[in-house]
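Participant: Build me a structure from this.
(one chain, ligands or ions: 1)
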Amino acid sequence: MSKISELKKINVNTFKLMKVEGEKIATLTAYDYTSAKILDEAGVELILVGDSLGSVMNGYENSIPVTLDEIIYHCKSVKRAAKRAFLVADMPFGSYQVSDEKAIENCIRVIKETGFEAVKIEGGKNRAALIRKLTDAGILVMGHIGLMPQMVNVMGGYKIQGRTGHEELLSDALALEEAGAFSIVLEGVVASAARIISKNLTIPTIGIGAGAGCDGQILVYHDVFGLFDDYTPKFVKKYADLKTVVNEACSKYIDDVKTVNFPEDKHTF
Ligand code: KIV
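Facilitator: Alright, predicted model coming up:
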């Protein structure tokens, strides 16, 4: 058992220590009380309430329609469950782009109303000044560069980044680190670039579709446990097939109700 797995509560310093000691950081998304409780008890170090909830919880085509109120609603449920994991709220599209003042107000609202420890914001150098202001205001920020789902319309789809070199991504990552970000998500980045970026930062990188050279990994709950199959990106590894499990159990339930095999005496008052 590592020193980290014995910790009662993960905080921002845990991640610095893990990077120094070369212990990989295991993180996942969650959006509700029951799922967050399972992840927390299993020992993930960080839970992100991602705007991916737009797809897997709401059935939107992408994350663009997700609102700040929706993020806050889901964060509150996760917070009631998670006792040990570090909690990060994803700032949705439109909540930090209008002005730095509005962004700071929205981030303060999230931190105050949810009890979460940090927020996540997409963007590179263009967000460094905002991240500096947030950090100065006492708000921990996780950066997010590479494939940025909130830019899907501008990018004309979900495009893997870093194919033509790592320089631009590395300078974005360094700008975020310099601005005070405590960690950076690298999404959809070629593995060689992600490895170089991770080596050149003192803060940990958390990869999704960015290879094994990152300091930690994140995946979406519904992908990892096989609950969501509208589409499955190449970077997803399914650790369970819960859709099949629930589907078979549901068929059995329907059958039992129709044949009056449920409820039995033991379920009856
Ligand atoms: O919204 C999300 O879930 C994310 C992660 C997968 C990084 O941004």
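Participant: Do I have it right that K24 meets G213?
Facilitator: No - under the criterion of C-beta atoms under 8 Å, K24 lies out of contact with G213, with a separation of 10.6 Å. All C-beta atoms are positioned from the backbone trio N, CA, C, and that covers glycine.
Participant: do you know how far V245 is from S251?
Facilitator: 11 Å (C-beta to C-beta, to the nearest Å).
Participant: And these two? Which one has more around it.
Facilitator: V245 (13 against 10; other C-beta atoms under 10 Å).
Participant: Any figure for the gap between that one and G123?
Facilitator: Counting by C-beta to C-beta - V245 and G123 are separated by 39 Å.
Participant: go on, R132?
Facilitator: Counting by C-beta to C-beta - R132 and G123 are separated by 13 Å.
Participant: Likewise for T135?
Facilitator: 15 Å.
Participant: looking at this structure, which helix or strand is least sure?
Facilitator: helix 152-155 (a mean of 94; mean pLDDT, DSSP states H and E).
Participant: Wondering if that one reaches the ligand at all.
Facilitator: No - Helix 152-155 stays clear of the ligand (C-beta under 6 Å from any ligand atom), getting no nearer than 12.0 Å.
Participant: Now do the buried residues in the next helix or strand after that helix.
Facilitator: Next helix or strand after helix 152-155 toward the C-terminus (DSSP states H and E): helix 167-179. Under the neighbour-count criterion of 16 or more other C-beta atoms under 10 Å, helix 167-179 has 169-170, 172-177, 179 buried.
Participant: now helix 167-179: mean pLDDT?
Facilitator: For helix 167-179, mean pLDDT rounds to 98.
Participant: what's that helix in contact with?
Facilitator: 124-125, 127-129, 131-132, 135, 141, 143, 145-146, 161-162, 184, 186, 189, 193, 196-197, 200-203, 205 (C-beta atoms under 8 Å, 6 or more residues apart in numbering).
Participant: Checking K102 next. Helix, strand or coil?
Facilitator: helix (DSSP: H, G, I helix; E, B strand; the rest coil).
Participant: Please name the nearest non-neighbouring residue to it.
Facilitator: Spatial nearest neighbour of K102, chain neighbours left out: Y96 (7.6 Å); criterion: C-beta to C-beta, 6 or more residues apart in numbering.
Participant: wait, what's in contact with the one you found?
Facilitator: Counted by C-beta under 8 Å, 6+ apart, Y96 has contacts 102-103, 106-107, 121, 127, 130.
Participant: Put together a markdown table for those residues, with distance to the ligand and pLDDT on each row.
Facilitator: Shown next, in a markdown table, are the contacts of Y96 (distance: C-beta to the nearest ligand atom, whole Å; pLDDT from 0 to 100):
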| residue | distance to the ligand | pLDDT |
| --- | --- | --- |
| K102 | 21 | 98 |
| A103 | 17 | 98 |
| N106 | 17 | 98 |
| C107 | 16 | 98 |
| I121 | 10 | 98 |
| R127 | 14 | 98 |
| L130 | 17 | 98 |
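Participant: mean confidence score for the helix ranked longest in the chain?
Facilitator: Counting residues, the longest helix found in the chain (DSSP state H) is helix 242-258. For helix 242-258, the mean per-residue pLDDT is 98.
Participant: Kindly report the same for stretch 30-48.
Facilitator: On average, stretch 30-48 scores 98.
Participant: May I see the buried residues of that stretch?
Facilitator: So for stretch 30-48, counting by 16+ other C-beta under 10 Å, buried means 30-33, 35-37, 39-40, 44-48.
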